[in-house]
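> One predicted model, sequence on top.
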Amino acid sequence: MLGGTFDPVHLGHLRSALELLEILALDRVHMIPAKMPPLRDTPRVAPEERLALLRLGIGDTPGLVADPRELERDGPSYSADTLASLRAEYGDQARLIMALGHDAFLRLAEWHAPWRLFELAHLVVIDRPDFEAALPRALAELIEGREVDSPGALMQRPAGRLLRLALPTRMAISATEIRRRLASDRSVRFLVPEAVEARILANSLYRHR
């Protein structure tokens with residue numbers, strides 16, 4: 001599971017999903033747009049449109065799935081509820097993984113029922129260069145005794161562990177910057193897939209109104 005607002009989906013999101021698929025030898029990566037992200041501002045573009053852009057971005061890439069389950073559920077997009085849905089779908093013995101970026105990881109203790117995440121899945125943190133900085137105390141307590149140092153160790157059980165992972169390709173692409181460029185009529189070519197760019201421009205998404 002790789003969740004996010006995908007506002008809009010860009011090449012950094014898609015490349016990260018593909019590298020997670022390969023490095024962890026996963027069957028598939030569910031890319032799940034958040035309908036109402038609890039700890040972020042409400043996205044400017046409707047969830048259904050962000051899902052449509054994600055589907056265009058993924059195209060026919062094997063192993064990547066645009067998953068609408070959070071859009072089909074009422075209320076805030078709590079990751080624990082999404083993982084519970086995936087766990088019910090795949091069964092008790094499946095190895096489930098929730099991947100998240102380092103910035104989101106630093107706020108993990110503030111999430112809804114963060115302990116429940118580990119009951120349902122493993123967490124994989126996509127690291128950045130300063131990942132060895134000290135963690136907030138509540139976060140350190142939450143992950144105490146859970147960290148492993150390899151994908152093999154992670155996969156020995158269905159859930160409950162944490163792996164920090166540096167992906168080979170670091171693409172410093174920001175959805176915030178993409179929205180700014182679109183708002184000021186500047187090009188986003190080579191930042192998002194061509195099909196995503198075409199839909200954004202055709203529907204005048206992210207333009208100031």
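Sure thing, it's come through.

> count of neighbours near residue 153?
Number of residues near residue 153 (other CB atoms under 10 Å) recorded here: 12. C-beta coordinates here come from the backbone N, C-alpha and C atoms, glycine included.

> so where do the helices sit in this protein?
Under the criterion DSSP state H, the chain contains helices at 11-23, 47-58, 79-90, 102-106, 114-120, 137-143, 151-154, 175-183, 194-202.

> so what does the third one touch, helix or strand wise?
This means helix 79-90. On a contact count with 3 or more CB pairs under 8 Å, 6 or more residues apart in numbering; DSSP states H and E, helix 79-90 meets helix 114-120.

> And the helix it packs on, what's buried?
For helix 114-120, the neighbour count (16 or more other CB atoms under 10 Å) marks 114, 116, 117, 118, 120 as buried.

> For residue 135, state which of the residues you listed is nearest.
Ranked by distance to residue 135 (CB to CB), the buried residues of helix 114-120 are led by residue 114 at 13.2 Å.

> what's near enough to touch that closest one?
Contact analysis of residue 114 by CB atoms under 8 Å, 6 or more residues apart in numbering lists 80, 108, 142.

> So, low pLDDT: which residues of this protein?
Applying pLDDT under 70 to the chain flags residues 38-40, 129-132, 209.

> Tabulate the helices of the chain (a markdown table), appending distance to residue 69.
Listed next are the helices of the chain as a markdown table, based on distance: least, CB to CB, whole Å:
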| stretch | distance to residue 69 |
| --- | --- |
| helix 11-23 | 16 |
| helix 47-58 | 11 |
| helix 79-90 | 6 |
| helix 102-106 | 19 |
| helix 114-120 | 14 |
| helix 137-143 | 25 |
| helix 151-154 | 24 |
| helix 175-183 | 21 |
| helix 194-202 | 21 |
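
> Highest mean neighbour count out of these?
Across the helices of the chain, the average number of neighbours (mean count of other CB atoms under 10 Å) peaks for helix 47-58, which reaches a mean of 21.
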